[in-house]
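Asker: okay, structure incoming, though there's no sequence with it:
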């Protein structure tokens, strides 16, 4: 149950980040062009969106760090599996498990390095250039995201050890794209043509 | 020496099948801890600063736009439009498929998205009309590859970011080769269909054509917004991508109403998933190229190659062979991010135009997408067509041969790539 809450939080965070960043940059572009019109200028110029780029970058970095952890769960991180596929099942299991544990190791090390880095920053009053937010809060995504990713690798490794399955992402499968049979496909094309 | 060691560790780790991003990062860690004095803390910082670049953010935006468009009925309307134009020729639906792929490629940055969007409609329709499945699958797999050559293209953004080349100029440079390849593919498809007597569609009336155009015009406008906006200096490629994402949302949810508002979070999540995966490879690839530069590997390789008096053409052949071989084991993003920082300094020191080199790499990636064992287009198409990979491999070879010939052409005639951006003064 607590895992389910974590899963949901992770999904909500990355969904909000990508949606928010898109909206912010879109509004910044609109604002810049609205300011070009003499009539709108007095109103629009009051809004200062010079921080938009910085915020967008931060939101995407946060999305990337937590999204990478989500990606372990969905199995989207691809590797070179040409050789592994040819191994006999017993050896294959050892090699795949080794790969997953390397993931645990790497993300664990990075998380710890990030945590030490953030801890060092907390003592300073360093802020970000445009938003002037404390830097350590922004950098917090490195330890948090990496540790979460480490946890996801552990989960996947444990599941693999128990069942022999790893999550697999199918890039060809898109929800909401319904599979059409031949007649439906023809009809779909024809209806868009018929006046 | 250190180059051999670094690549040795990297290849050994990659062969275990672990994610390429992890293999890259772990190589850097291992090498730095054991062989260098570089403070390890700088690695942690690089994981953040590696992404601290507004140009990179074009990638999640373009992916988001593509995710919206794949789910909406944009592809269907584009197929209807192209089929109203060329449907009455021999192999009409196939031709319409190639042309619609080119149009869809011009609004989406990825090949796979193009294969999914166009293939899931055109393939069942072709089979229904009596085409052999092989023919349809061959058309869909290869013409989807146009996605990374015709702008916007995630691969070109990555090349621009990792080599400091103008992304706008790269996008413009992709237009002529992309159209040329589309024409070549249409030619081949037409020739095969003509010889084998494949079915034609009923010729559309001008009224039907106009209607189909009006229906698809919202999608087509996106091409104008992205390319026109970047070329006209209205916005940067990243801003164009954000505008494209919002525009894609507006047309699929509000104009065409193919997607309900409550499905939007799912689209966002799926786009975030793909983007994060790419951004994670990018961070680790940045670490890797930091290590390479730190060890002076690209520079010493460049110096060695210049000292051997290699001429440009021999070098480019070698580049093509290396990239095609890499295409046998890795997917395009990783190849590009690992290879571009190494090959690019060598290429420029030999006098290759940066933009030409970018297009050359993109075409190589295109070929890699369409052949086994790792060609992603092939896997996606095999899912849609329900065909085995080996059967599909046979099915794509005529188009693949054309692509290889095209690659040679692009390699030795730089003018095709650089003419438009230079002409536009970029």
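Answerer: Right, received. Where do you want to start? Small disclaimer: the values here were computed from a predicted structure and weren't measured.
Asker: who's in contact with residue 180?
Answerer: By default, I'm working from chain A. A:188, B:120-121, B:124-125 (CB atoms under 8 Å, 6 or more residues apart in numbering or on different chains). In this view, the C-beta of every residue, glycine as well, is placed from N, C-alpha and C.
Asker: sorry, should have said chain B
Answerer: Listed by CB under 8 Å, 6+ apart, the contact partners of residue B:180 are B:406, B:416.
Asker: which one of the contacts of residue A:180 sits closest to residue B:100?
Answerer: residue B:121 (8.6 Å; CB to CB).
Asker: what's around that closest one, how many residues?
Answerer: Burial measure for residue B:121: 27 neighbouring residues, criterion other CB atoms under 10 Å in any protein chain shown.
Asker: also residue A:9?
Answerer: Here the number of neighbours of residue A:9 (other CB under 10 Å) works out to 12.
Asker: then the one 4 residues further on?
Answerer: By the other CB under 10 Å criterion, the neighbourhood of residue A:13 contains 18 residues.
Asker: chain center to the helix or strand hosting it: distance?
Answerer: Secondary structure assigned from DSSP states H and E places residue A:13 in helix A:2-34. Here the centre of mass of C-alpha atoms in helix A:2-34, compared against the chain's by CA atoms, centre = their mean, to the nearest Å, lies 11 Å away.
Asker: excluding covalently adjacent residues, which one is nearest to the residue in the stretch 201-350 of chain B positioned nearest to chain A?
Answerer: Distance from chain A to each residue of the stretch 201-350 of chain B (CB to the nearest CB) is smallest for residue B:276, at 2.4 Å. Spatially, and ignoring its direct neighbours in sequence, residue B:276 is nearest to residue A:67 (2.4 Å; CB to CB, 6 or more residues apart in numbering or on different chains).
Asker: ok, the one you found to residue B:58 distance?
Answerer: From residue A:67 across to residue B:58, the span is 17 Å (CB to CB, to the nearest Å).
Asker: between these two, which is the more surrounded one?
Answerer: Set residue A:67 next to residue B:58 and count neighbours by other CB under 10 Å: residue A:67 wins out with 33 against 26.
Asker: am I right that that one is in a helix?
Answerer: Yes. When the secondary structure is assigned by DSSP: H, G, I helix; E, B strand; the rest coil, residue A:67 falls within a helix.
Asker: which outside residues touch the helix or strand of chain B with the lowest mean pLDDT?
Answerer: Of all the helices and strands that make up chain B, the one with the lowest confidence by mean pLDDT, DSSP states H and E is helix B:41-49; it has a mean of 75. Residues from elsewhere that reach helix B:41-49, judged by CB under 8 Å, 6+ apart: A:61, A:110, A:113-114, A:116-117, A:139, A:141-142, B:28-29, B:32, B:283, B:286-287, B:290.
Asker: tell me what whichever helix or strand comes after it is packed against?
Answerer: Heading C-terminal from helix B:41-49, the first helix or strand you meet, by DSSP H and E, is helix B:58-71. Contacts of helix B:58-71 with other secondary structure elements, assessed using 3 or more CB pairs under 8 Å, 6 or more residues apart in numbering or on different chains; DSSP states H and E, are made with helix A:2-34, helix B:111-128, helix B:154-163, helix B:206-223, helix B:237-249, helix B:264-294.
Asker: which one of the ones you listed lies nearest to residue B:193?
Answerer: Evaluated with CB to CB, those place helix B:111-128 nearest to residue B:193, the distance being 10.6 Å.
Asker: show me the shaky parts of the stretch 201-350 of chain B.
Answerer: Regions of the stretch 201-350 of chain B meeting the criterion pLDDT under 70 are absent.
Asker: which residues of it lie near chain A?
Answerer: Proximity of the stretch 201-350 of chain B to chain A (CB under 8 Å from any CB of the partner chain) is limited to residues B:204, B:207-208, B:210-212, B:215-216, B:234-235, B:238-239, B:242-243, B:245-246, B:259, B:263-266, B:268-277, B:279-280, B:283, B:328-331.
Asker: re earlier: so who does the residue nearest to residue B:276 touch?
Answerer: Applying CB under 8 Å, 6+ apart as the definition, the contact partners of residue A:67 turn out to be A:14, B:272-273, B:275-277, B:279-280.
Asker: can you rerun that using 10 Å?
Answerer: Residues near residue A:67 by CB atoms under 10 Å, 6 or more residues apart in numbering or on different chains: A:10-11, A:13-15, A:17-18, A:60, A:74, A:76, A:145, A:149, B:60, B:269, B:271-280.
Asker: ok, back up a step: ranking the helices and strands packed on helix B:58-71 by burial, who's on top?
Answerer: helix B:111-128 (a mean of 28; mean count of other CB atoms under 10 Å in any protein chain shown).
Asker: that one to helix B:154-163, inter-axis angle?
Answerer: Regarding helix B:111-128 and helix B:154-163, their directions subtend 160 degrees when assessed with axes from the mean of the first three to the mean of the last three CA atoms, to 10 degrees.
Asker: and helix B:111-128, average pLDDT?
Answerer: Predicted confidence along helix B:111-128 averages 92 (mean pLDDT).
Asker: now the very next helix or strand once past it: buried residues?
Answerer: Scanning the chain past helix B:111-128 towards its C-terminal end, the next helix or strand to appear is helix B:133-144 (assignment: DSSP H and E). For helix B:133-144, the neighbour count (16 or more other CB atoms under 10 Å in any protein chain shown) marks B:133, B:135-144 as buried.
Asker: give me the below-cutoff pLDDT ranges for chain A.
Answerer: Counting by pLDDT under 70, chain A contains low-confidence ranges at A:1, A:43-46, A:174-178.
Asker: all the helices of it, residue numbers only.
Answerer: Taking DSSP state H to define them, one finds helices in chain A at A:2-34, A:41-44, A:52-74, A:89-122, A:135-139, A:141-163, A:182-193.
Asker: what's the most buried one of the ones you listed?
Answerer: The densest packing among the helices of chain A, expressed as mean neighbour count by mean count of other CB under 10 Å, is seen in helix A:52-74 with a mean of 24.
Asker: angle of that helix against helix B:264-294?
Answerer: The directions of helix A:52-74 and helix B:264-294 differ by 100 degrees, with the same axes, to 10 degrees as the criterion.
Asker: next, the angle helix B:41-49 makes with helix A:52-74.
Answerer: Between helix A:52-74 and helix B:41-49, the angle comes out at 100 degrees (the same axes, to 10 degrees).
Asker: ok now helix A:52-74, how far from the chain's centre?
Answerer: Mean-position distance between helix A:52-74 and its chain equals 4 Å (CA atoms, centre = their mean).
Asker: and for stretch B:71-78?
Answerer: Stretch B:71-78 has its C-alpha centroid displaced from the chain centroid by 20 Å (CA atoms, centre = their mean).
Asker: next one: stretch B:283-301
Answerer: Stretch B:283-301 has its C-alpha centroid displaced from the chain centroid by 24 Å (CA atoms, centre = their mean).
Asker: likewise for stretch B:159-178?
Answerer: Here stretch B:159-178 shows a centroid-to-chain-centroid distance of 12 Å under the convention CA atoms, centre = their mean.
Asker: now do the end-to-end distance for it.
Answerer: Taking CA to CA, to the nearest Å, stretch B:159-178 runs 17 Å from one end to the other.
Asker: and stretch B:117-137, end to end?
Answerer: Comparing the first residue of stretch B:117-137 with its last one, the separation is 14 Å (CA to CA).
Asker: wait, does that stretch contact chain A?
Answerer: Yes. Looking at stretch B:117-137 against chain A by CB under 10 Å from any CB of the partner chain, the contacts come from B:117, B:119-130.
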